[in-house]
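J.: Show me the folded form of this:
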Amino acid sequence: MRPGPEDSAAWMAHLAEGNAKQARKRVAADVLFRDDAGRFLLVNPTYKPGWDLPGGMAEANEAPDVAAVRELREELGLAVVIRGLLVVDWVAPHGPWDDQVAFIFDGGVLDSEVATALRPRDAELSEVRFVSAQDAGELLRPRIAGRFAAAVKVLAGGRPAYLRNGQLTATSPGNRA
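T.: Presented below is the predicted three-dimensional model:
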């Protein structure tokens, strides 16, 4: 027999058992920054091939926006204010990895002095670069390139988009007529 809320200790144990059986999701949180010329900031990670958007993985029980702010502080020395959500992307299991939920937030336009002074602040990044949207699409891995393209579309006046594996879905506001 399942305990009820009136037996608080047994009820909490029951809920904890259910929680332990629930799926856990990895969470990635990136931020889209622009410079005064309208170019986008990319970073070159040392721990995986190809260019990426600035940000990183959330720690256990860390909100995605908080994770993005923490990662930017650690990797680039940036103290930022997140301006809003651009994209949520569900990424299917791949290689050794389970599925994940990836967010892209709007970081706005960086002051020219801040943009010029950007340098990697830890061993996880080897380089930072501002590039055109077209160049970013060519430098980023395909799934991230799709996520980036959707985020750029939202910046141009769309609503936040929901993607699956970097592609718009029928449930994405940006994909409806």
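
J.: what about the strands in the chain?
T.: Along the chain, counting by DSSP state E, strands occupy 26-34, 40-45, 55-57, 84-91, 100-109, 125-131, 161-164, 167-168.

J.: Export the second one to CSV, keeping only CA atoms.
T.: The C-alpha atoms that make up strand 40-45 are tabulated as CSV, following Å, rounded to 0.1, in the frame of the first residue of the first chain:
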residue,chain,number,x,y,z
PHE,A,40,28.8,36.8,-33.3
LEU,A,41,31.2,35.6,-30.6
LEU,A,42,32.5,32.0,-30.9
VAL,A,43,34.9,30.1,-28.7
ASN,A,44,37.3,27.3,-29.5
PRO,A,45,37.2,24.7,-26.8
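
J.: Now do that strand and strand 100-109, the angle between them.
T.: Counting by axes from the mean of the first three to the mean of the last three Cα atoms, to 10 degrees, strand 40-45 points 130 degrees away from the direction of strand 100-109.

J.: Closest to the centroid, which residue in the chain?
T.: The centroid of the chain falls nearest to Ala29 when counting by Cα atoms, centre = their mean (2.5 Å).

J.: Hmm, it is touching Gly56, no?
T.: Yes - between Ala29 and Gly56 there is a contact at 7.0 Å, judged by Cβ atoms under 8 Å. (Glycine included, C-beta is placed from N, CA and C.)
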